[in-house]
Structures are given as structure tokens and as C-alpha cells.
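**Student:** give me a model of this one.
(chains A, B, C and D)
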Protein chains: 4
Amino acid sequence: MFRSNIHTIGVMTSGGDSPGMNPGIRAVVRAGLANGLRVIGIEDGYEGLLNARFKELGARDVGGILQRGGTFLRTARSMEFKTPEGQRKAIRNLNNAGIDALVILGGDGSLTGGMALAAQGVPVVGIPASIDNDIFGTDMCIGVDTALNTIVDAINKLRDTASSHNRAFLVETMGRHCGYLAVQAGIITGAEMVVVPEFETPFEEVATAVDEAYKRGKLHCIIVVAEGAKLNATELAQKLEEMKLGFDTRVTVLGHVQRGGKPTAFDRFLATRFGVKAVEFLLSGQTGVMTGLDGREIVPVPLSQVVSRPRTLSEEYMKMARMLAR
Amino acid sequence: MFRSNIHTIGVMTSGGDSPGMNPGIRAVVRAGLANGLRVIGIEDGYEGLLNARFKELGARDVGGILQRGGTFLRTARSMEFKTPEGQRKAIRNLNNAGIDALVILGGDGSLTGGMALAAQGVPVVGIPASIDNDIFGTDMCIGVDTALNTIVDAINKLRDTASSHNRAFLVETMGRHCGYLAVQAGIITGAEMVVVPEFETPFEEVATAVDEAYKRGKLHCIIVVAEGAKLNATELAQKLEEMKLGFDTRVTVLGHVQRGGKPTAFDRFLATRFGVKAVEFLLSGQTGVMTGLDGREIVPVPLSQVVSRPRTLSEEYMKMARMLAR
Amino acid sequence: MFRSNIHTIGVMTSGGDSPGMNPGIRAVVRAGLANGLRVIGIEDGYEGLLNARFKELGARDVGGILQRGGTFLRTARSMEFKTPEGQRKAIRNLNNAGIDALVILGGDGSLTGGMALAAQGVPVVGIPASIDNDIFGTDMCIGVDTALNTIVDAINKLRDTASSHNRAFLVETMGRHCGYLAVQAGIITGAEMVVVPEFETPFEEVATAVDEAYKRGKLHCIIVVAEGAKLNATELAQKLEEMKLGFDTRVTVLGHVQRGGKPTAFDRFLATRFGVKAVEFLLSGQTGVMTGLDGREIVPVPLSQVVSRPRTLSEEYMKMARMLAR
Amino acid sequence: MFRSNIHTIGVMTSGGDSPGMNPGIRAVVRAGLANGLRVIGIEDGYEGLLNARFKELGARDVGGILQRGGTFLRTARSMEFKTPEGQRKAIRNLNNAGIDALVILGGDGSLTGGMALAAQGVPVVGIPASIDNDIFGTDMCIGVDTALNTIVDAINKLRDTASSHNRAFLVETMGRHCGYLAVQAGIITGAEMVVVPEFETPFEEVATAVDEAYKRGKLHCIIVVAEGAKLNATELAQKLEEMKLGFDTRVTVLGHVQRGGKPTAFDRFLATRFGVKAVEFLLSGQTGVMTGLDGREIVPVPLSQVVSRPRTLSEEYMKMARMLAR
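**Tutor:** Next up, the predicted model:
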């Protein structure tokens, strides 16, 4: 083992929050303690790193957080950290506090920051946390499963009212660049159509789907539209309404509720595994990497790969959504 | 007893749907059958009444609907029914089908329709169903409790992410003329401020609430805004954002999810009591009335009162919201 | 007003916990502060009172507890407090800490304790909290609505598996002396039969209900049995199984999950109203009373009445359960 | 392609039900239809197969079942099918109905039945459905994720009341031979100890865990015990109670609620993928296999392997549970 260098680790959350960050932090803390390390929580992400908002975390400090959404270390965006001066200040703060290594939970931007620190010699392991599931190198990010269950729950509710009124609902999910949530939600709620940023969907195709659902005698019609899709949900609704296809049309933007909520069993477990592995990676000298879910295994993925490659959306699942929506 | 005239009753849902309508229909059907009546379901509200979309309902037909949101008889709005010709057609359809009396679940507009039929001799009992709780003559309408729990659940989720980011959230609830949902939600989620149609709230008051929450060290700030409030949620957010009060500001419009969902225990029970009483009222010759919750009791309230008087919002609860939000 | 005597109030929870106690405590604290009082939390119920486990509560101390089940002040049973010596010690502790009056949230036993203190001159207001709804003088106790929703949710789950297997399920709910939860749950889940402590149910009646459900072609059969019913759920199941009525028979004892969970909207609001009123009662010199929900109003009910009279179960609801279960 | 032989497929559920079976059936039906096949639903598992309870399923017949727990085709156990005569009868029924191939959703016993049919020439694909996750050849079975979330939810509720009373709770989960649910639940709820059938746990170890939790000042203590563990939950509780370790001890047997409930997002998606692949396997001539989740992929696993090999429990996760429970 190669642990001699590392006695104290810092843990922080950065970027948009996602449910499961708390269980992730808990796992880092308890696995750290079990390995004889001190663990320091860094509050407010990179902003807190620049302002040395550090507090030591014991086993009790992370009791009772397993079931809480969000992140009790909070998170923030920092412009200053993107500058070389900011990064030098961050490293000095780490040194002053005796923090030998860093575990960072967050999305693409947060991991890019981690890579910058790693490039300057700080042992860093990233943990992918993003409800959009838009990070290269891992099958799943922390928070996706919870967000998906929240979306499914909302669509169930919309379906109740849609069926009572013969309505078509356009449901906007999160996903600025990535249609993962939208496609999955479409498949598992039996939506009539899914519109995502990655694939072009002509308006006519959407109109046809609505038209056919009506003719087939369906009492409702659900179209899931990712936030970043070219066809915007509100515009889509207007155009559909003008076509008078039989259904009244309504739009629901699910918004920030998708970020909250108690983490599901899946997210708690994934976050826990990531947290434990992150400590293992650091102690075995693997740095500049992210914990990635690769099938059954958690593997180290170089941060340089993570931040430079786009995650692609499975066309198979798009086809599956269409096939099952009859 | 005065039941000789009534052998067959019709039951319908009209206007906006609300969770609990299904248990209400079930109670009407089973209480009707228990009293030796035939029960006919009328689909699609007044539109279905005008088009004789009738189907007889047996005990089994309403099995398994207790836990379903919306209304399996569906609902629709009808312009034609508002005309004298429409109403005559409706009455003829009822006569043709041998329907002696009518139970109508719905909101203000639906009950106004019921009053018109009652005035023309049709025995009618209305059941108040509206998530807004905007109907005079009853402490609670069917659907309010479920909608409130949905709102509470959503605000809990928003609070998770708000706390993680130091954010103020403006949450728009339903309630075009009535702030009931907003005030109740405000009190029971500990919102910092509530804005409703019934009372004027100067913008400065909202800004002060946000400002003070920030200064007191709160990690988040929740403002609940009823749909029909003069200060619109989106505009409010813009103005608050410009004031740079410390919190980032976000808006979430909860929208139609508030109408859906499995009815809660409270709504199931209220709807069941209303349904049973509606049949009792019809059989004892009480017609042109609505089942109203008056404290512990279900009482008959003349439809003429119901539709002519506005429901007022308790100022006591507005004060309570303010007092507890510290 | 008569507030001059009271500057500091204590608040405690006692007996079995129930969801909604936390919102109740919060309301007492914030209403107390709003009225210029100091508020002291007493931990671990009467045991904590005897051991002076006191801590002052500020507005922030009750932030974030609205949505937590149980009671953050904890609760315990104390034998010592039932003795005159115990009560004298309790009163001395209150005096030493400068606590002028007491708000006690709990069930029958806890309120009996409160009455003893009141009889010895301590201004006391009780708040009824008990998931069983077994307290005289209030339409509803804190916790009942949440427990009922938990039961409904569990029965929904059991129904899924019961329908898949053609099974009869005997579901034991809490309620040692009181069948309230069982009857309500029976009505709103459409159970085939309800068995409670207050009314004798011959075994034959249960067997007939199961038999008829099977013959009518129902895919499942749910019997709700209150914990304290003469016919015990497990014995009932055995006897039914021996009769080979067509359904396989299973028993589920819901147990302590009924006590937990986030308080529902209803329980939060009821607890909040009770808490605010309890402070009002104390400040207006009304003592030795319990806050009781009487229709729409919260009224003071003498503790002497509360603890000496049994709450009765509505026969009307028993009949309603039977009528609707066809 | 090799599809010429197969024009009509049967789909059935067998053994214990698990949430997600309905989405699985839906996927088989819609994927079948999309591939030009007729699909016949077989009711009541092997018993229905022996009694030719067949009904053709169209796209609309599986609308609205995505969110329902259990299986709308029902399930049953059949002794007769285990005999050679029974199996011959089953095959004759399939031939009479023109069913060319079979998709069977179920657990170990059901898949053994499927293997018997495959051995006699019936093209069969199995889909693993079992909340216990006790089937060899797949990372996950349908229903496990939903059951786990139900358990987590129940333990959250128990924790509320446990913390309020300083109690230790022994929670019995399903799992007669397999501790998967117990270990996972233990890790993700932060239980103090997990007891499973696969590993011996001396009583002293449990007692020590409880003792230490009390000494460390924890307000509650959760021990998750799998149904099939040598140390029975009720006995364990008694022995712990006798040791007077500080906590009161309570037992909760979660029971059949673990089988019910709306399938989670994960289970819906897994079931959907399995269903689509099952049809693909049949059409490409792969028979006598089960759809197995192998990392990211769905692969065909010979039924002969599935039913002859035991699934082992990861020791790594047992260690993880211990490490994190401090």
C-alpha cells in the first residue's frame, strides 16, 4: 500500500446538487475513518475551498443524513476558482489545513475543476453526481434514479388528470444537453413520444403521434420533452393546439423538484459504493480519476477522459420508446 | 320516507377533476345499490349528459377505483349545456333513460348547472369537488387534502435543493380566485411568505421577508404564491433577483400535478361520506342541495346559496402563517 | 389579559410518539416567542422532567422539524412520576428552572399526569397526540391522519399481492382499546370486514364475508383487525384457513411503522393549530385543559373530563363499512 | 432470422409475485406485436396452463398496467404440473391453442418448470422475477429494487419512533435462503447490524453492536434480519431484552407489503428490457434460456445453469455494512 502520504482527506460537493450526495459524503467520511484518516468537510463547493470553509467530520456528523436530499455541505458556483490565481489560493488553503487529498462530488464542471487541481499535484478523486446522467465514463451518476422516480411519479399524477379530460400533456424534464431522463421516463411511463436534444424530431412526427393516439381511442397522450430539445415544450403545445387534433393540450415544466427528494435505494447504494471506492483509490495512489460504474464494477476513469468526451444517448432506447408506445 | 319516486339515479363528474372523485362515485353507487336503486354513470360531464353517454354501474364496476386519481367517468366542459335548449335536451335524455335523480360531483360551475336542472324539476344533489377549496357552504371540498399533500411534498423537494444552494424559491400553487391552498401550504411547510388573491401584499413586504430570512442565516427561503395573486410569481422573482438580496431566486410552477395522485385517506373518507349522504338526501326528498361539511356533520346546503356566495379566506390563518415563519 | 404570571413555558412530549408532535412543538415555540415568552424544551417526557433535562428553544431550534416524524424532544414512560414524591420533584424542578407553565403533548396517560400537576397549581395545557384517536374531547388527535395514510398505503401494497394470488389478508392495525384506525382504514380501502374491540363480531360473520367475497368473484379479500379486538388476527387466520373458503389466508401485523413517517398536511396543520391555541389558552388563564378539535373550532376541554370519559366508536361508520364492502 | 416457426407466443407469471411483472408482460406483448406475433396471456401460472386459461392480449390490454404492482395475469402454485402427466397436458394445451413459444416470468421454481417444458421441445425464455434476488445468472431480478425501496421506507418510519423512544428495532425482511435484501437494506439505511442466512452471526456479535450503539450515544439501533437467518428476529429480541443493554427492544416483521407497490423506475425499465429481449431471443432461436442482466447487457443464460447453481451473497457488501455502521 501507498497510503503513507495521505493522512487527511477533504470532501466537497460542487455544481448542481443531486439526491444521493449526502450518502456519498457519509461513505467517504466513514470509509476514511475506518482507514484511519481524518476527514474534513469543505462547505459551498469551490467557493468554500477558496474561503477555507473547512470543518472536521466525525462518524456522528454524518449520522441521519442518508435519507436527506441535497447536500449538507452545500454547493456553489465559483468564477474565481476558474482562474490560475483562484486555483493557487485553493491549493494553499488545502496545504494550510493539512488536507492531503480531495474527493469531489459533482458534474462535468466540478470534475474539470478537480482535474485542474490534480494537474497541479493534488491527489483528487471525482464522484459523478448529476441528475442528467450526462457524464462520460460511468453508466450511472448519483441522483439519476431518484430524479427518474420523481418524474415517473409526476407523470402518473398528470396521467390521472389527462385521462379525466382527454388531454395531451407535454412534460418538460431536466436535461439541457442530454435526453437520458426524457427517454427513460418515456419508456417507463409509456409516453406516446419523446423529444431530446441528441436526435432531431420533426414536428410532424410529434403531431402524428398525438393524432394516432387520439384515433386509437387513448384517453390521454403524454409527450416527454427534454429541456434542451430543439422543439421547446411550450412552442410544441401551441402548434399542436392549433392543429386541433382532438386532445386539449397542456404543458407542465417539472423544474427543480427533480433535484430534490430522499435518495432512492439505488442512489444510496451507488453513492455509498462510489464513496468507499473513492477512498480506496486515493489510498492506493490512484488519482486524477473518477469513480465510474462499469457494469457491475466501480472502476477508475481518468478525469481527462471524463471531461473531454461527450456521453452519447443510446439509439436503442429511443427505438424501444417508440416500439412500446403503441 | 319519500323514496317512492326515485328508482334510478345518475351520477356524473363535471368541471376540473380532483382526486377523490372516484371514491365519491363508488360511494354513490354502493349506497344506491344498498338502498335498492339502479345507478347510471354519466360519462364526460354535461357533454355526456347531452349525448346520453350512460352506462349502468354495478358494485363490481366501482371495485378498485378507490385508489385512483381523477375520475373514471371523465369530465368535460360544455357550452351547449349553458343554453336553455341544452338543458331541455339534458332533461329529455334523463327521462328517456329513466333516470329519476342526479348526483353531480364538481366545482362552482358544475353546481350552477345542477341548480339549473333542479329549478326545472330534476332532483339534484351536488357534491363539492375542487382542489382550490373555493366553494361556499362546506369546510372542505374533495381533493383539497390530496392537493395539499402533493404541494407539501414538492416544497420539501425544493427545500432540499434550495438549502444546498442558498436559494429563494417562488412556488406557484393553483388557486385562481382562492388562496386556500397557498396559505395552508405556507403554514405547514414553514414558508417565509404567502401571497394570495384575497389580500393585497405590497412587494416591499415580500422583499423584506426575503431580506430578513437571509440575514437570520436561513439557508433557503420559500414564498408560496397562489396562481391568481396580483403579484405574479415570475415577475416577483425578477424583481427580487434585481434587488440582490443574497439568495439566488428561482420559480417553480407546480401546475397540473396538483390535480392528480391517489386520493389521501382524508379525501377518500370525505368523498365516501358525501356520496352516502347524497343518496340519503335524494331518498329523503332533499333536493337542490349540496352536501356540505359543517364541522363534524354533513349537512344539506341549498345550491342557490352555494353558487351565489363567495367563500372567504380566514385572516386568522394568514396571521398564523406570518407568526410562525420566523 | 392575564399573562403577567407567565413568562416562561415548558413544552414536552410524553407516552407513545405520534407523527405531528414535531410541528406541534414548533408551533408552541414560535407562538410562545411571538408572545414574548421564553420557551424551554423538556426532553424524554416525565422522566426528563424528573431529571431536569431542560434546554431553551429558540426559533431556529425548531427549524426543519416540520417534516420529521417522531419527536425531537423524545418521550419516555416514568413510573416515578406517578408517585406523589415524583410529582413534587417535578414541580420543584419546574420552579428551579423558572418554568411558569407547561404544554404537554401526549395520550391519555400523559394528560392524566398533566392533570395531576394542574391540581397542584401548575398551569398546564394538554395537546392530544395519539395515533389511535382514543382520547375523549377532540374529534382528532395528532398523528391519526398520518397513521391512516400509512395503513392505506400498506393495504394497497397487500392488495397487489393478494389479487395476484387470490388471497385473503388479515391486517392488524394499532388500537388496543379503540377501533378507530381499523374502521376508517376498512372504509377507505374497501375492506371486506372490520373487527374492532368496541363491538362483538362473531367468527361466523367474518367467515361469511370471506365466503361471499370469494363467491362474488373477488380476487382478494381484506379483513382489518384492530390490535385489541377479541378475535385475534392470527387465530382468525388459522380458523379461516381450516374452513377452506377458497382464498389462501395470510396475516400481516403492521406494527410500529404506523407510528412513523413524515406528518401529513392534515397532521401538520392540526398540530400547528393546537400548538398556537395552547399558548393562547395559557396566556388567557385557561389551565387544566386540553386543546380539543370540536368541528371547526379548537376549544378548551377540562382535563378532568378528558381522562375520565371513554371515547366511543361511531356505529354509523361501522355500518358504512359494511354497506360499502359489497 | 429464424422466426418462421414462431407465430404465437404465450406469456405467463408464476410463483411468488413481484412488482415489475406487469411492465414485463407489457413489454413482451408490445414487442411481440411489433414483430408481427400474436400474444396469448396465460392466467394463474402453471395452473392456468393446465386449465387452458388463455386470452389473447392486444396493445390496449396492457395499457395502464405499467404502474400496477403484482401481476394482472395472476399467479399460482401447481403440484400437478410437477408430474410428467401434468407437463404433457400443458404441452397439449399449448398445441391446441396454437401457442408456439412461451415467456415465463418467475423465480427459481417457475424457471425449473420452464426448463422441463424446454426439454420437451417447447421454445421457452424465462425472465427472472423475485424480490429476494436469489436467482443465479442475473445481477438483478425484477422486483428487488421496489422491495428495497419499500423496506427503506419502512425502516425510515421505524427510525422516527425508535429515536423518540431510545429503542432497538429488529426488522425482519423477506429472504428465506438469501440475505440480499437484508444486506442492501442494512447498508443503505445505516443499520447497526445485518443478520443473513448465508453467514453465521454469533449472538454475541449482535449484542456487542447494540451495546456499542448505546454507549456511543445513538438514539436508536436498527438490526436487519433476513427471514431465513438462523438467529430468528423474535428470539433475538427476547435475548437482547434480557441483557438490558439500554435500549428497549421491538420487532417488526415487514411481511407481504414487501411484495406490493408500484414498480420503481428501475424495475419498470429492467422488466421492459427483459421483456423485449425475451421476444428477441425467441425469434432468433435462443430457447431454454433466461434473460440475465450481466453488467450493462441482457444476455441469454441457459436455464440448466440458472436452476442448478446457487446465487452467492457478496462478502464485500457484508463488510461494507459493518464498516459504515459506526
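**Student:** correct me, but A:Asp294 touches D:Gly295?
**Tutor:** Yes - between A:Asp294 and D:Gly295 a contact is recorded at 7.4 Å, counting by C-beta atoms under 8 Å. (Glycine included, C-beta is placed from N, CA and C.)
**Student:** now A:Ala213. Nearest residue, chain neighbours left out?
**Tutor:** Nearest residue to A:Ala213 in three dimensions, chain neighbours excluded: A:Cys221, at 4.3 Å (C-beta to C-beta, 6 or more residues apart in numbering or on different chains).
**Student:** whichever helix or strand that neighbour is part of packs against which elements?
**Tutor:** Under DSSP states H and E, the secondary-structure element containing A:Cys221 is strand A:220-226. Packing contacts for strand A:220-226, counted by 3 or more C-beta pairs under 8 Å, 6 or more residues apart in numbering or on different chains; DSSP states H and E, involve helix A:144-165, strand A:167-173, helix A:180-189, strand A:193-195, helix A:203-215, helix A:233-243.
**Student:** the last one vs chain B: in contact?
**Tutor:** This points to helix A:233-243. No - figure legend: helix A:233-243 not in contact with chain B (C-beta under 8 Å from any C-beta of the partner chain); closest approach 11.6 Å.
**Student:** quick one, what contacts the residue lying closest to A:Thr287 once chain neighbours are set aside?
**Tutor:** Spatial nearest neighbour of A:Thr287, chain neighbours left out: A:Pro123 (4.1 Å); criterion: C-beta to C-beta, 6+ apart. Counting by C-beta atoms under 8 Å, 6 or more residues apart in numbering or on different chains, A:Pro123 makes contact with A:Asn5, A:Ile6, A:Asp100, A:Ala101, A:Leu102, A:Leu282, A:Thr287.
**Student:** swap in 10 Å and give it another go.
**Tutor:** A:Pro123 sits next to A:5-6, A:9, A:99-103, A:117, A:281-283, A:285-288 when contact means C-beta atoms under 10 Å, 6 or more residues apart in numbering or on different chains.
**Student:** and the strand holding A:Cys221, which strands flank it?
**Tutor:** strand A:167-173 (parallel), strand A:193-195 (parallel) (DSSP bridges).
**Student:** in a helix, A:Glu85, correct?
**Tutor:** Yes - counting by DSSP: H, G, I helix; E, B strand; the rest coil, A:Glu85 is located in a helix.
**Student:** kindly write the PyMOL command that selects the buried subset of the contacts of A:Pro123.
**Tutor:** The buried subset of the contacts of A:Pro123, as determined by 16 or more other C-beta atoms under 10 Å in any protein chain shown, is captured in PyMOL by this line:
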select buried, chain A and resi 6+9+99+100+101+102+103+117+281+282+283+286+287+288
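**Student:** so which of the contacts of A:Pro123 is the closest to B:Thr138?
**Tutor:** Closest approach to B:Thr138 among the contacts of A:Pro123 (C-beta to C-beta): A:Val103, at 56.0 Å.
**Student:** so what does that closest one have for phi and psi?
**Tutor:** Torsion angles at A:Val103 (phi, psi; degrees, to the nearest 10) stand at phi -110, psi 120.
**Student:** if it is in a bridge, with which residues?
**Tutor:** According to DSSP bridges, the partner residues bridging A:Val103 are A:Val11, A:Val125.
**Student:** got the strands paired with strand A:220-226 as CSV, with mean pLDDT and mean neighbour count columns?
**Tutor:** Below are those laid out as CSV (pLDDT from 0 to 100; neighbours: other C-beta atoms under 10 Å in any protein chain shown):
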stretch, mean pLDDT, mean neighbour count
strand A:167-173, 97, 26
strand A:193-195, 96, 26
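**Student:** what residues are up against the nearest residue to A:Leu303 once chain neighbours are set aside?
**Tutor:** Leaving aside its chain neighbours, A:Leu303 sits nearest to A:Met115 (4.1 Å; criterion: C-beta to C-beta, 6+ apart). Residues in contact with A:Met115, defined by C-beta under 10 Å, 6+ apart, are A:Ile104, A:Val124, A:Gly126, A:Gly288, A:Val289, A:Met290, A:Pro302, A:Leu303, A:Ser304, A:Val306, A:Val307, A:Ser308.
**Student:** now with 7 Å?
**Tutor:** Neighbouring residues of A:Met115 by C-beta atoms under 7 Å, 6 or more residues apart in numbering or on different chains: A:Gly288, A:Leu303, A:Ser304, A:Val307.
**Student:** right, and the second one touches A:Ala116 too?
**Tutor:** No - using C-beta atoms under 7 Å, A:Leu303 is not in contact with A:Ala116, being 9.4 Å away.
**Student:** have a look at the two and say which one is more surrounded.
**Tutor:** Remark: of A:Leu303 and A:Ala116, A:Leu303 carries more neighbours, 26 against 20, as counted by other C-beta atoms under 10 Å in any protein chain shown.
**Student:** what about the closest residue to A:Asn96 other than its chain neighbours, how many neighbours?
**Tutor:** Excluding its sequence neighbours, the residue lying closest to A:Asn96 (C-beta to C-beta, 6+ apart) is A:Ala52, at 7.2 Å. Per other C-beta under 10 Å, the neighbour tally for A:Ala52 reads 15.
**Student:** and A:Ala52, how far is that from chain D?
**Tutor:** 28 Å (C-beta to the nearest C-beta, to the nearest Å).
**Student:** may I ask which two of the contacts of A:Met115 are separated the most?
**Tutor:** A:Gly288 and A:Val307 (11.0 Å).
**Student:** still on that earlier bit, and which of the contacts of A:Pro123 is nearest chain B?
**Tutor:** Checking those against chain B by C-beta to the nearest C-beta gives A:Val103 as the nearest, at 17.3 Å.
**Student:** which stretches of the stretch 101-250 of chain A have low pLDDT?
**Tutor:** Along the stretch 101-250 of chain A, no part satisfies pLDDT under 70.
**Student:** which parts of it sit against chain B?
**Tutor:** Selection of the stretch 101-250 of chain A residues close to chain B by C-beta under 7 Å from any C-beta of the partner chain yields A:Ala154, A:Asn156, A:Lys157, A:Leu158, A:Asp160, A:Thr161, A:Ser163, A:Ser164, A:His165, A:Arg250.
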